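> Provide a 3D model corresponding to the input given below.
(one chain, ligands or ions: 1)
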Amino acid sequence: MSAAPPFIVGIGGSTRAGSSGERIVRCVLEETEALGATTRMFGGPELAALPHFCPEDPARSDAQSDFVDAVRQADGLVIGSPGYHGGVSGLVKNALDLLEDLRDDRRVYFSERPVGLVVVAAGWQACGITLQALRGIVHAMRGWPTPIGVTVNTVEQAVFDVDGTVKDPSVRASCTAQAQQIYWLAQQVRASWQDHPGSS
Ligand SMILES: Cc1cc2nc3c(=O)[nH]c(=O)nc-3n(C[C@H](O)[C@H](O)[C@H](O)COP(=O)(O)O)c2cc1C
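Purely as a prediction, here's the structure:
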């Protein structure tokens, strides 16, 4: 097993101050850190700094290049979106579309990487539909959605403490379980690179 800790990238949230989606993604990242991972978060402000993706324009801003490079280096990911009008928010989808830049990598898009998914919405229907949509996106981008998806109904559940940490034990348990699944698969993949260095 490789000594280098897995590197996990978090993507998600909204531009809203105190975004619940961003807080949940951060919670999953923190749980992977507790297992030994290193992490990097791209929350609402970082995603808002990404220009509208234009496939016909190869120019990239520093923020776009930084984001693509981080995902390229990642051993695993956490992606979170609010349910907006029954689907993934434009802010999150714009960032995912930019990852078209990984199409010619050996590890195309999310290949060989576990991807934990988080959805927050004002109702369970949008939670389920948006989680399913995110799973479809990750499949299209050749990633491995973890069996555990974290969904939070922000109307029914009092999830956060005053400092923004997750206080709901069932939501915390889901974040922990998802983090364990991400960490486990990321470690397996890292170990396989060490066993077969030519394949990385
Ligand atoms: C433009 C917009 C569309 C929304 N559409 C839905 C929806 O279709 N279904 C739903 O349950 N909640 C919907 N919501 C509510 C958000 O999903 C919910 O408030 C969520 O917690 C926001 O995430 P955040 O706290 O990370 O900003 C919508 C909110 C906005 C701003």
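> average pLDDT for the helix or strand where Gln64 lies?
Under the criterion of DSSP states H and E, Gln64 resides in helix 62-73. Per-residue pLDDT values across helix 62-73 average out to 98.
> got a list of contacts for it?
Helix 62-73 is contacted from outside by 7, 9, 11, 40, 42, 46, 49-51, 60, 77, 95, 98-99, 101-102, 105, 107, 110, using Cβ atoms under 8 Å, 6 or more residues apart in numbering. Backbone N, C-alpha and C define where each C-beta goes, glycine included.
> after that helix, next one along is what?
For helix 62-73, the following helix or strand on the C-terminal side (DSSP H and E) is strand 76-84.
> Any buried residues in that following strand, and which?
By 16 or more other Cβ atoms under 10 Å, the buried positions in strand 76-84 come out as Gly76, Leu77, Val78, Ile79, Gly80, Ser81, Pro82, Gly83, Tyr84.
> Which two among those are spaced furthest apart?
Across these, the longest distance by Cβ to Cβ is 25.3 Å; it joins Gly76 and Tyr84.
> And stretch 35-42, how far out from the chain middle?
Centre-to-centre, stretch 35-42 and its host chain are 11 Å apart (Cα atoms, centre = their mean, to the nearest Å).
> Only the buried residues of it, if you could.
Judged by neighbour count using 16+ other Cβ under 10 Å, the buried positions of stretch 35-42 are Leu35, Ala37, Thr39, Arg40, Met41, Phe42.
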